[in-house]
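Colleague: Kindly generate the corresponding structure for this input.
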Amino acid sequence: MTLVYPQIVTGADLLRGIIKLDRLAPLLQRRGATSVAIVNSKLYGTRSFYKVMTKYGIRPVIGLSIYVEVGESERVLLYLYAKNDEGYRNLLKMSSAIAVRDSETLPLQWLKAYSAGCIVVCPLTDISWDTCRNKNVFQRVLTVCGDSLVAIGVARSGGNQHSEEEGIEVLADEMNVAIVAVYESRYLHKEDAFAYEVAEAIRTGYKLNDPARPVNNQLASHVPEEAELAEWFVDRPEWLKNMSDILLACDVSLPPSQSLMPVFPVPVGETASSLLGKNSMAGLQRRFGTIEEVYRERLRYEIAVISEMGFADYFLIVEDFMRYAKENQILTGPGRGSSAGSLVAFALGITDVDPLKYGLIFERFLNPDRVTMPDIDIDFADNRRAEVIDYVARKYGKTHVAQIITFGTLSARSVARNVARVFDFSNEEMAFLSKEIPARHEGTLEEAVAHSKALRDWMAIDPMRSKWLEASTTIEGLPRNASTHAAGVILSPVPLVEIVPLQNGGDDIYLTQWPMGDVEAQGLLKMDFLGLRNLTLLDRIRTMIHYDKRTRLDFETIPLDDEKTFNLFRAGDMTGIFQFESEGMREALRLIQPTTFEDLFAINALYRPGPMDNIPMYSRRKNGNEGVTYLHPQLESVLKETYGVIIYQEQIMQIAVRVAGFTMGEADLLRRAISKKNREIMQKERVHFTQSAVNNGFPESAAVAVYDLIVKFADYGFPKSHAVAYSIISYRLGYLKANEPAYFYAALLSSMTGNHDKTMELLRESEARGIRILPPSVKRSQYMYTVENGAIRMGLGAIKGVTPIFFEALKEARKSSGGWQTLFNLADGLGVEAFTEKAISPLIKAGALDEFGQSRAALLASIKGATSHLLFGGESIPKYSPAESQNRMEILESEKQVLGFYLSDHPATEVKKAAGGGFNAISTLATSKDREQVKMVGLITDIKRIRTKKGEAMAFVTIQDESGDVSCTFFPKQYSLSEGQLVEMTIIQLEGTVERHRGKPQILVQRINYTPT
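Modeller: Numbers count the residues shown, from 1 in each chain. Okay, the predicted model is just below:
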């Protein structure tokens, strides 16, 4: 017999199957299988399946499992196979049609159009046919399939004959339809059956011991051997032959990659290239007024290359949606990646980086010697990115635009927890697994077990835990769920369903069923629409300034030599500054002491693994403490701006041009070849470079030395175009922090709502700058933080329990009755629906009603009275209810309860006053000397107890005061004396010495003097 496998459900089908291609293909090759068909419920994994099977010399067949509606609430399973290219295209459409319907089924009549070019198998032994296994239903299926070949499928899973098999044979004879053997495979080996059950339980959300769990109908769904099949169908070998004939009749090759560039609508008499030239020249005139010849020449060159490569439409498309964004005040980034090296992109307003000013290279972006699809990635304010995608979908048609799918896989940690859940492990066991397999673990689950004695000991206690590991490792790495790629959007000149299968996505935009690699392999244009939080921050600051001052800040006019801004960078004062916030980056800034914008993007590029080793040398040379040297005089013009240090990929390209006489296109190919580390190519390029350099007048020894230098830095080099573009965002944030600090902090605080630690840090920083923090106010606060006469007013959204819906009701009430003087005025203004204890209590605890002149205790006690007055009225003026007075600590704890931090004061402040002062503030430790003696009061916020190598107990304790927090080390001797006094959320007084760890101060505790109660 000809061995074929007609119904393989792979692991790509989101746990409906658990077959992994890298195990399936070699198994089928060893068995001598001729053909194999994939029949997932969507076309997930199709391209990978096709490529892998072809690689192993097995004929791949593209199929699909679908459910067809044959009556009200009745649906039956069909297998469809693409017999030819028409059938393949219909499978794309069919899978898409099913995936965009809520029921995920196909109306029977739709099969009439979609079955052309396909072979249809009706598996009458499937449970879905139990109530439809009759001549009438089958005839209707046969009729709508028209000229397509239709066969009846009979399964004998595990060799068990179906009770209706005899009747099915009669039906087949009556209808003159062939019977074929079906044997659906969802897992590889018999012993994988349990792992499949586990996968199914994860997919459906059940636990294995749940009596309501659906019955497993896939008891023999392994990949059977040839002998098994022969035994199962020993009396009907012709059914096996019929099935193999069907697969061998299918002859479909995946369409080759083709350039599917969308077409931009141009006016009559124009071409895309001519319009691109006009728009680019007009854009430069808007930017410069008078255009220098060097710009004209560069522009002509770029347009010629873009047009020759067939990308003029692409640039016009990007220009168009960027124009839309700007016309609708949607903030876009100044550029990203290598596209910032294009003058055309700058002229069209796609980027805000002048490539000639910064020495950026067009060929790093588009190289006529390396024809690949262009890649212009665009950053948008993340809260408005979807608007631009929606515009593109409306302009080019919903059927031509889609976002790209991405799959979340069962990583080691994820699979461990998911399988543990369906095993119904206890909360303690789940917590143990989370601890032993940290989120950052990048290896397999087996590797995690091998490296953890605790895990091995845990497993040895209970045999069920060994089954947990076995099931987990079998399904590890499989796709678990589908979601939308963070950035990728595709645009097609033809309806996408002709090229890729689709499904419903978010915001009424379709989603591809294939991930990015498969979509790009088909030749479709992918554009990245990225949401960048820092652009939203910039936009929020600008909006606040405009609202208060009635002036709109133009970011492009911000001077790049502002001294206040550079003072900020030199001090490493980088909280809230994009890309420069890390402690290491701050240290680099303090070391280098930047004085120009060029320094900033150099630091941006330098602070990465590898290049950061050159930061000290860059600093010494920049600040005149070390002479600048060059390997060869010809390198000076290229490396002068970076003091002889190779930092950028563009410098590598320029060196190749100067030394070896390469074109920029050849130089880009050299850069790419070296970065791939292919020894054969690197040796070939060494000969090529050296010979070219010698021909260019260089001594061979110098040429070899320069090539070695290029090889050394090829991995380290960072795209200068990206460094420049992203550093503009950083600089703009720094400029606003230096020149409009209140607005900067108000916007940054708004973006940090819910992050209490970061909020406290920002509030302390703001106050240190002399910016007052005003408490929340029902009469004055907006939902977010705002600026009020140079101070920052806390927003009501920072209070737990205050919802946007409540705030909208409050805002409306302010318009008609906002001059409230009492709690009862507020109640009348809000009305009975909005004025509830749940809504008002958090406001009182946060101090938002303090302006009514009553204690918070009295306000809380009077909520019910105010509500009763609203409901029942009465002529008498309501009065505040008496209440027990609260002490200061109780008030502060209530604040922390609803805000997540202490606002009015800090508990440590009260204790310092009571103890008579003389204590160090935590914020002053940054300037303390090592071994300096300090005396502290702080609130214990975290305790980490450990044991030394000798087995002695010690602890790291974090304490907090009104100015910050610091880690305190209790070595074993001191810990043994203090252990009983170390309790989280209590105040502690201690003495110790300052020591620095990785640049941050910490305290080595010598004694605890007194712990207040």
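Colleague: Please make it C-alpha for all contacts and neighbour counts, starting now.
Modeller: Fine.
Colleague: Give me the number of neighbouring residues for Tyr510.
Modeller: Using other Cα atoms under 10 Å, Tyr510 is surrounded by 25 other residues.
Colleague: How about it: which residues does it bridge to?
Modeller: Ala402 (DSSP bridges).
Colleague: My guess is it contacts Leu502. True?
Modeller: Yes. Taking contacts as Cα atoms under 8 Å, Tyr510 lies within contact range of Leu502: 6.4 Å.
Colleague: For the lengthiest strand in the chain, name the packing helices and strands.
Modeller: Across the chain, the longest stretch assigned as strand under DSSP state E is strand 933-947. Where contact means 3 or more Cα pairs under 8 Å, 6 or more residues apart in numbering; DSSP states H and E, strand 933-947 is packed against helix 907-914, strand 953-961, strand 987-997.
Colleague: would TSV of the ones you listed with mean pLDDT be doable?
Modeller: Shown next, in TSV, are the helices and strands packed on strand 933-947 (pLDDT from 0 to 100):
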stretch	mean pLDDT
helix 907-914	85
strand 953-961	94
strand 987-997	92
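Colleague: Quick check: pLDDT value at the residue lying closest to Lys800 once chain neighbours are set aside.
Modeller: Distances taken as Cα to Cα, 6 or more residues apart in numbering place Val898 nearest to Lys800, at 5.0 Å, with adjacent residues excluded. Predicted confidence (pLDDT) for Val898: 95.
Colleague: Please apply the same query to Pro1012.
Modeller: For Pro1012, the predicted pLDDT is 48.
Colleague: Enumerate every residue touching Lys929.
Modeller: The neighbours of Lys929, taking Cα atoms under 8 Å, 6 or more residues apart in numbering as the test, are Val994, Glu995.
Colleague: ok, it to Gly999 distance?
Modeller: 12 Å (Cα to Cα, to the nearest Å).
Colleague: Then Gly795?
Modeller: Counting by Cα to Cα - Gly795 and Gly999 are separated by 35 Å.
Colleague: Give me the more crowded residue out of those two.
Modeller: Shown here are Gly795 and Gly999; by other Cα under 10 Å, Gly795 has more neighbours (24 against 11).
Colleague: looking at the helices and strands packed on strand 933-947, which is closest to Ala345?
Modeller: Closest approach to Ala345 among the helices and strands packed on strand 933-947 (Cα to Cα): strand 987-997, 46.1 Å.
Colleague: What pairs with that closest one, parallel or antiparallel?
Modeller: The pairing partners recorded for strand 987-997 under DSSP bridges are strand 933-947 (antiparallel), strand 1000-1010 (antiparallel).
Colleague: List the contacts of the first one.
Modeller: With Cα under 8 Å, 6+ apart as the test, strand 933-947 has contacts from 907-908, 911-912, 918-922, 953-961, 982-994.
Colleague: ok, back up a step: am I right that the residue nearest to Lys800 sits in a helix?
Modeller: Yes. Counting by DSSP: H, G, I helix; E, B strand; the rest coil, Val898 is part of a helix.
Colleague: count of neighbours near it?
Modeller: 20.
Colleague: start at 53 instead
Modeller: Yep, numbering from 53; the last one is Val950 now.
Colleague: residue contacts, it?
Modeller: Ile851, Lys852, Gly853, Pro894, Lys897, Ala898.
Colleague: Among those residues, which one sits closest to Thr838?
Modeller: Once Cα to Cα is applied, the member of these that ends up nearest Thr838 is Ile851, at 14.8 Å.
Colleague: which residues sit in contact with the closest one?
Modeller: Taking Cα under 8 Å, 6+ apart, we find Ile851 in contact with Pro894, Leu895, Ala898, Val950, Leu951.
Colleague: Touching, the last one and Lys852? I think so.
Modeller: Translated: Leu951. Yes. Counting by Cα under 8 Å, Leu951 touches Lys852, with 6.3 Å between them.
Colleague: I'd like the distance between Ala207 and Leu76.
Modeller: Counting by Cα to Cα - Ala207 and Leu76 are separated by 21 Å.
Colleague: Neighbour count for those two, which is higher?
Modeller: Between Ala207 and Leu76, Ala207 has the larger neighbour count (other Cα under 10 Å), namely 21 against 17.
Colleague: Show the pLDDT at the residue lying closest to that one once chain neighbours are set aside.
Modeller: Excluding its sequence neighbours, the residue lying closest to Ala207 (Cα to Cα, 6+ apart) is Val234, at 4.9 Å. pLDDT for Val234: 97.
Colleague: quick one: low-confidence ranges for the stretch 953-1065 of the chain?
Modeller: Counting by pLDDT under 70, the stretch 953-1065 of the chain shows low-confidence ranges at 1062-1065.
Colleague: Ile456 belongs to a helix, doesn't it?
Modeller: No. Going by three-state DSSP, the assignment for Ile456 is strand, not a helix.
Colleague: Test my guess that it contacts Gly569.
Modeller: No. With contact defined as Cα under 8 Å, Ile456 does not count as touching Gly569 (9.9 Å).
Colleague: Of those two, which one has the most company?
Modeller: The residue with more neighbours, out of Ile456 and Gly569, is Ile456; 25 against 10, by other Cα under 10 Å.
Colleague: now the more buried one: how far from Arg604?
Modeller: Counting by Cα to Cα, the gap between Ile456 and Arg604 amounts to 36 Å.
Colleague: Quick one: the strands in the stretch 303-452 of the chain, in order.
Modeller: Per DSSP state E, counting those that start in this stretch, the stretch 303-452 of the chain carries strands over the ranges 429-433.
Colleague: Now do the helices in it.
Modeller: 324-340, 345-360, 364-379, 395-399, 437-448 (DSSP state H, counting those that start in this stretch).
Colleague: same question, the stretch 453-602 of the chain
Modeller: Assigned by DSSP H, counting those that start in this stretch, the stretch 453-602 of the chain shows helices spanning 464-474, 479-488, 497-502, 505-513, 515-527, 568-573, 585-601.
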